[in-house]
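Asks: coordinates for the following, if possible.
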Amino acid sequence: MLTVVVITISLALVFDFLNGMNDAANSIATVVSTKVLPPFAAVAWAAFFNFAAVFIFGAKVATTIGKGIVDPHFVNEYIILAALVGAIIWVYSCTFFGLPISVSHALIGGLIGPVLFTSGPQAIFASGLFKVLLFMVLSPLIGLLLGFFIMLLTNYIFRNSHPRRVDSLFRGLQLFSSAIFSIGHGTNDAQKTMGIISVLLFTTGHLGDQFYVPIWVILLSYTMISLGTLAGGWRVIKTLGIGLTNLKPVQGFSAETAGAITVIGSTFGGIPVSTTHTITGSIMGVGMSRRITAVRWGVAGNIIIAWVLTVPGTFLISAGVFEIIKWIV
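Replies: Presented below is the predicted three-dimensional model:
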């Protein structure tokens, strides 16, 4: 069993790395597209603040993932192994094709699939799942509305300022907003890997009678997501930073601020939200503040389709992987 646990933890860290790669775009797409930072400096900036989040937030999201969606008593190491393999397949495929998807929902769909097939609905906490599904819709909408209104407010405040002065000011402010969003991304997304490793350790008897998140799991998860961000998913960055709408520093600042408020607020509530959904909604809201046609809706449509398919896609893949594992062992 120990060998399976070690393999599963290793896969969880691979998943965490891919999470950072796909979600690097969430933190840096705007600063790259507005040319505030060159690409490699931008990923280094985001990776640093991803890891810095370890010193700021607790483990509420990790606890939700670990014991708030699926009853850990119905989980074993093979179910978690199948969940991770399914999520990794989905995330890697979407990153390869440049689609910014919710890595969080890939993990949740991957976990629910084999549990539902083996133990039925009794193993799923309906309230926890409802919270996740609700914020699957709410987080991009909140991001969109905040991005829209922050952009309108900023335009009003600086309506009499010279465009060159505004551009210069917001180049500096965008570094700050990008850092805050990267902190939010790090704390919400690293905690998903923390949660899945912790539930693995708990169900295999390595944590004792009480569920908790060990310090070494916290540090390792933050390190891997930061390294993934440093590697950068460049196709996804191009899709978010250039594909959705044209951005200037003032618009990048507004989008990142809206996204950071949404993600950090959700983290304090222990809600595992998608940073991808949130920043995409924020960028769309900023674009819509100019005019509806400023958003490239064809690109937005492709992204939304990938969002909708993520949970059922990983659900089915992970359930299939679990059947293969059962046949092997």
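Asks: check contacts around residue 65.
Replies: Residue 65 sits next to 107-108, 191-192, 194-196, 199, 272 when contact means Cβ atoms under 8 Å, 6 or more residues apart in numbering. In short, each C-beta sits where N, CA and C put it, glycine included.
Asks: what is the mean pLDDT for stretch 125-135?
Replies: On average, the pLDDT along stretch 125-135 is 82.
Asks: what lies in contact with that stretch?
Replies: 64, 68-71, 104-105, 108, 112, 266, 271-273.
Asks: quick one: buried residues of it?
Replies: Buried residues in stretch 125-135, counted by 16 or more other Cβ atoms under 10 Å: 128-129, 131-132, 135.
Asks: still on that earlier bit, just the contacts of stretch 125-135: which are in strands?
Replies: Using DSSP state E, the subset of the contacts of stretch 125-135 located in strands is empty.
Asks: output the helix or strand hosting residue 226 as CSV, restricted to C-alpha atoms.
Replies: Secondary structure from DSSP states H and E places residue 226 in helix 215-231. In CSV, the C-alpha atoms belonging to helix 215-231 read as follows (Å, rounded to 0.1, in the frame of the first residue of the first chain):
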residue,chain,number,x,y,z
ILE,A,215,3.1,21.3,7.3
TRP,A,216,5.3,19.3,4.8
VAL,A,217,2.2,18.9,2.5
ILE,A,218,1.6,22.7,2.6
LEU,A,219,5.2,23.6,1.7
LEU,A,220,5.5,21.0,-1.0
SER,A,221,2.2,22.0,-2.6
TYR,A,222,3.1,25.7,-2.7
THR,A,223,6.5,24.9,-4.1
MET,A,224,5.2,22.8,-7.0
ILE,A,225,2.5,25.2,-8.1
SER,A,226,5.1,28.0,-8.0
LEU,A,227,7.4,25.9,-10.2
GLY,A,228,4.5,25.2,-12.6
THR,A,229,3.8,28.9,-12.9
LEU,A,230,7.5,29.5,-13.5
ALA,A,231,7.3,27.0,-16.4
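Asks: mind listing what's buried in it?
Replies: 217-218, 220-230.
Asks: just checking, residue 208 is part of a strand?
Replies: No - per DSSP: H, G, I helix; E, B strand; the rest coil, residue 208 lies outside any strand segment and is coil.
Asks: ok, so what distance separates it from residue 201?
Replies: For residue 208, the distance to residue 201 (Cβ to Cβ, to the nearest Å) stands at 10 Å.
Asks: looking at these two, which one has more neighbours?
Replies: Using other Cβ atoms under 10 Å as the criterion, residue 208 and residue 201 rank with residue 201 on top: 21 against 9.
Asks: chain neighbours aside, what residue packs nearest to the more buried one?
Replies: With sequence-adjacent residues excluded and distances taken as Cβ to Cβ, 6 or more residues apart in numbering, residue 201 is closest to residue 207, at 4.9 Å.
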